[in-house]
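Novice: structure of the sequence below:
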Amino acid sequence: MCGIVGYIGPKDSLPIVLEGLRRMEYRGYDSAGVAVVHGGTIHIRKKSGKVAELETIIRTEDGLPPANVGMGHTRWATHGEPNDVNAHPHWDCGKHIAVIHNGIIENFRALKTKLVRDGHVFTSETDTEVLAHLIEHFYARTGSVFSAVKLALNDVEGTYGLVVASTHEPDRLIAARMGSPLIIGVG
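Specialist: Numbers count the residues shown, from 1 in each chain. This next block holds a predicted model:
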């Protein structure tokens, strides 16, 4: 079980995403992470432990730039031990696509083997990172993040609720679900 929150709007996304994570911390206390899209870059901060520990590294390190698009995740570990590397969000090879995910990708090992054979380099032990690389693979073929997400999810077996951010389409978040709850609010 994990908590996922995303924001697109006129305000700085980071305070809104962090507040959402604090409210959903009961859904995952092994680690927490955020991503904001600003200036053609996805900026990610993640930390094992509770949301307060994530907030501490954001305050004490270089912070994050103000951004109108952001997403966050609290993790209850299922694949890979609870540590900073396995915390979400996860990037693709080019750091143009970031993914947060709740659920279990049952065929992630087979997908990872194929992607490694195709030249992808993985840094974590999670099933979620496979999604970022798979979306990257299909983006190279389609030039559309939305189409790449759809094609990637056609290859996935399992349950998921996920959110994708990309520098290719910096003013969007793409969300999808299969057998896992996902609520979208508009206001």
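Novice: for residue 70, what are its contacts?
Specialist: Neighbouring residues of residue 70 by C-beta atoms under 8 Å, 6 or more residues apart in numbering: 6-7, 13-14, 16-17, 34-37. Glycine gets a C-beta too; all of them are placed from N, C-alpha and C.
Novice: and if we set it to 10 Å?
Specialist: By C-beta atoms under 10 Å, 6 or more residues apart in numbering, the contact list for residue 70 reads 5-9, 11-18, 20, 34-38, 42-43, 64, 165, 173.
Novice: the residue lying closest to it once chain neighbours are set aside and residue 141, how far apart?
Specialist: Ranked by C-beta to C-beta, 6 or more residues apart in numbering and with sequence neighbours excluded, the top spatial neighbour of residue 70 is residue 13, at 3.0 Å. From residue 13 across to residue 141, the span is 30 Å (C-beta to C-beta, to the nearest Å).
Novice: these two - which one has more neighbours?
Specialist: For residue 13 versus residue 141, neighbours defined as other C-beta atoms under 10 Å are more numerous around residue 13 (26 against 10).
Novice: what residues does the more buried one make contact with?
Specialist: 5-7, 34-38, 64, 66-72, 173.
Novice: how about residue 154?
Specialist: 134, 138.
Novice: please apply the same query to residue 179.
Specialist: 103-104, 158-161.
Novice: one more: residue 141?
Specialist: 147-148, 151.
Novice: can you say which of the residues you listed are buried?
Specialist: Buried members of those, counted by 16 or more other C-beta atoms under 10 Å: 148, 151.
Novice: re earlier: where strands are concerned, which of the contacts of residue 70 count?
Specialist: Assigned to strands by DSSP state E, the following of the contacts of residue 70 qualify: 5-8, 34-38, 42-43, 165, 173.
Novice: quick one: buried ones out of these?
Specialist: 5-7, 34-38, 42-43, 165, 173.
Novice: and the residues you listed, which two are furthest apart?
Specialist: 5 and 38 (17.6 Å; C-beta to C-beta).
Novice: coming back round to it: from the contacts of residue 141, which is closest to residue 52?
Specialist: Using C-beta to C-beta, those come closest to residue 52 at residue 148, 34.9 Å.
Novice: which pLDDT value goes with that closest one?
Specialist: Note on residue 148: pLDDT of 99.
Novice: in a helix, that's where it is, yeah?
Specialist: Yes - per DSSP: H, G, I helix; E, B strand; the rest coil, residue 148 lies within a helix segment.
Novice: thought residue 14 was touching residue 59?
Specialist: No - with contact defined as C-beta atoms under 10 Å, residue 14 does not reach residue 59; the gap is 11.1 Å.
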